[in-house]
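Engineer: just to be clear, the model below is a prediction. Sequence and coordinates:
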Amino acid sequence: MPENITPYKDSQLGKKAQVTQMFDNISGNYDGLNRVISFGIDIKWRKKVLKMVAATNPEKILDIATGTGDLAILMSQTGAKKIVGLDISAGMLEVGKKKISDKKLSDRIEMVIGDSENMDFADNTFDAITVAFGVRNFENLEKGLAEILRVLKPGGIFVILETSQPQKSPYKQFYRFYSKNILPLIGRMFSKDNSAYKYLSDSASVFPYGAALNNILTKTGFIEVQSLPQTFGVATIYSASKS
């Protein structure tokens with residue numbers, strides 16, 4: 001099980017409550033800051049997730065840790081009749097709801113507050129489930145993945161987009177320097193919450209990736225598990241299914 005790093009070291013709250021507070025605090029700046037710290041490459045990664053999901057012709061999609069709804073909005077291009085974006089941060093969801101309303105997608109995309117480790121959905125509900133940069137924020141990774149498996153339909157697709165760590169030089173050295181020194185600095189420039197982007201960097205550094213996360217997915221009960229490193233390994237797309 002990955003090390004349970006939390007945003008606020010001196011808080012008496014558990015990780016889930018701390019993560020909720022952190023994302024509420026940074027929700028107003030999150031989209032712009034995301035584009036800056038990833039150099040905009042995250043848009044390309046999300047489009048690859050879209051292509052993988054669209055190939056399965058889903059009718060109902062769940063986007064977990066949807067945040068401000070970027071991936072949920074992108075999923076509207078699959079032609080799915082219903083898309084649900086779920087997140088524990090009310091602040092992030094409010095930003096997302098406005099974006100969805102502006103794009104006139106409110107009839108197809110529903111944003112709901114909820115806990116990914118204890119979801120209020122029936123078994124076998126969704127044809128496709130996605131999580132972009134969210135699984136490392138789960139308080140209990142195995143419990144969260146088991147919940148995802150429960151609400152995914154047999155034969156459905158589950159896709160994760162998450163940060164990972166390059167293994168080849170010089171990308172490995174540059175990534176470590178950037179994530180440890182530059183990313184928190186940019187975060188402090190744009191956000192009042194100085195702990196937020198340090199947490200995002202620290203949590204990425206200890207979270208399992210590649211074969212390690214593949215093994216956890218397989219152990220949870222997923223089948224057809226595969227991982228596809230992106231941009232020299234700074235992110236990885238994982239796909240899996242349910243028997």
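Structural biologist: Great, that's in hand.
Engineer: contacts for the one helix or strand in the chain whose mean pLDDT sits lowest, please.
Structural biologist: Every helix and strand in the chain was compared by mean pLDDT, DSSP states H and E; the lowest is helix 183-190, with a mean of 75. Contacting residues not belonging to helix 183-190 are listed as 29, 32-33, 36-37, 194, 196-198, 200-201 [Cβ atoms under 8 Å, 6 or more residues apart in numbering]. For the C-beta atoms, the positions are set from N, CA and C on the backbone; glycine is no exception.
Engineer: show residues contacting the next helix-or-strand element following it.
Structural biologist: Using DSSP states H and E, the helix or strand that directly follows helix 183-190 along the chain is helix 194-206. Applying Cβ under 8 Å, 6+ apart, the contact partners of helix 194-206 are 2-3, 5-8, 22, 25-26, 33, 37, 136-137, 163, 165, 179-180, 183-184, 186-188, 191.
Engineer: among those, name the buried ones.
Structural biologist: Burial of the contacts of helix 194-206 was assessed by neighbour count (16 or more other Cβ atoms under 10 Å); the buried members are 2, 5-8, 22, 25-26, 33, 37, 136-137, 163, 165, 179, 183-184, 187, 191.
Engineer: so what's Thr163 bridging to?
Structural biologist: Beta bridges link Thr163 to Ala235 when assigned by DSSP bridges.
Engineer: in strands, which of the buried ones among the contacts of helix 194-206 fall?
Structural biologist: Among the buried ones among the contacts of helix 194-206, the ones falling in strands (DSSP state E) are Thr163.
Engineer: about what we covered before: return the least confident helix or strand of the chain as PDB; C-alpha atoms alone will do.
Structural biologist: This file holds the C-alpha atoms of helix 183-190, laid out as PDB (Å, rounded to 0.1, in the frame of the first residue of the first chain):
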ATOM      1  CA  LEU A 183       6.400  22.800  -9.200                       C
ATOM      2  CA  PRO A 184       6.000  24.000  -5.500                       C
ATOM      3  CA  LEU A 185       7.400  27.400  -6.500                       C
ATOM      4  CA  ILE A 186       4.900  27.800  -9.300                       C
ATOM      5  CA  GLY A 187       2.200  26.700  -6.900                       C
ATOM      6  CA  ARG A 188       3.200  29.400  -4.400                       C
ATOM      7  CA  MET A 189       3.100  32.100  -7.100                       C
ATOM      8  CA  PHE A 190      -0.500  31.300  -8.100                       C
END
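Engineer: and it with helix 194-206, angle?
Structural biologist: 160 degrees (axes from the mean of the first three to the mean of the last three Cα atoms, to 10 degrees).
Engineer: list the contacts of the helix or strand Lys48 falls within.
Structural biologist: Using DSSP H and E, Lys48 falls within helix 41-54. Outside helix 41-54, the residues that touch it by Cβ under 8 Å, 6+ apart are 34-35, 61, 70-71, 74-75, 77-79, 128, 130, 132-133, 157, 159, 161, 228, 230-231, 235, 237, 239.
Engineer: buried residues, stretch 62-82. List them.
Structural biologist: By neighbour count with 16+ other Cβ under 10 Å, stretch 62-82 contains the buried residues 62-76, 78, 80.
Engineer: what sits against Gly85?
Structural biologist: Gly85 makes contacts with 63, 66, 69, 72, 93, 96, 109-112, as judged by Cβ under 8 Å, 6+ apart.
Engineer: and it, how far is that from Gly155?
Structural biologist: Here Gly85 is placed at a distance of 23 Å from Gly155 (Cβ to Cβ, to the nearest Å).
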